[in-house]
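1. For reference, the sequence and a predicted model appear below.
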Amino acid sequence: MFERERLSLKRYFDDISADIQELRVILDELYMNEEFEDENKWAYERVMHSLDKLNVIRKDFEGLRDRVMRNDV
């Protein structure tokens, strides 16, 4: 039974990680848009800041996921 719970939890964590990565890709596309940078400086800076935060969250989340999978929380 524990194995089934562990696999379910792993799928849940993987889905969250994938969602975060998808958001990073979308924000990265905005970041690379020179037109957006020139016309919307304030929003462009917010996108860059959000990208940094998402990257930190994703790394922390993956570390937590690995600890949970090892049952080391």
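-> Sure, I can see it.
2. only C-alpha atoms for contact and neighbour calcs from this point on.
-> Will do.
3. What residues sit buried inside the host helix or strand of I20?
-> Secondary structure assignment for I20, by DSSP states H and E: helix 2-31. Applying a neighbour-count criterion of 16 or more other CA atoms under 10 Å, one finds 10, 13, 17, 20, 24, 27, 30-31 buried in helix 2-31.
4. and these as CSV, adding distance to W42?
-> Formatted as CSV, the buried residues of helix 2-31 follow (distance: CA to CA, whole Å):
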residue, distance to W42
K10, 38
F13, 33
S17, 28
I20, 23
R24, 19
L27, 14
L30, 13
Y31, 12
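5. Would you check how far apart the spatially most central residue of the chain and R4 are?
-> Central residue of the chain (CA atoms, centre = their mean): I20, 2.8 Å from the mean position. Here I20 is placed at a distance of 25 Å from R4 (CA to CA, to the nearest Å).
6. likewise W42?
-> For W42, the distance to R4 - CA to CA - is 47 Å.
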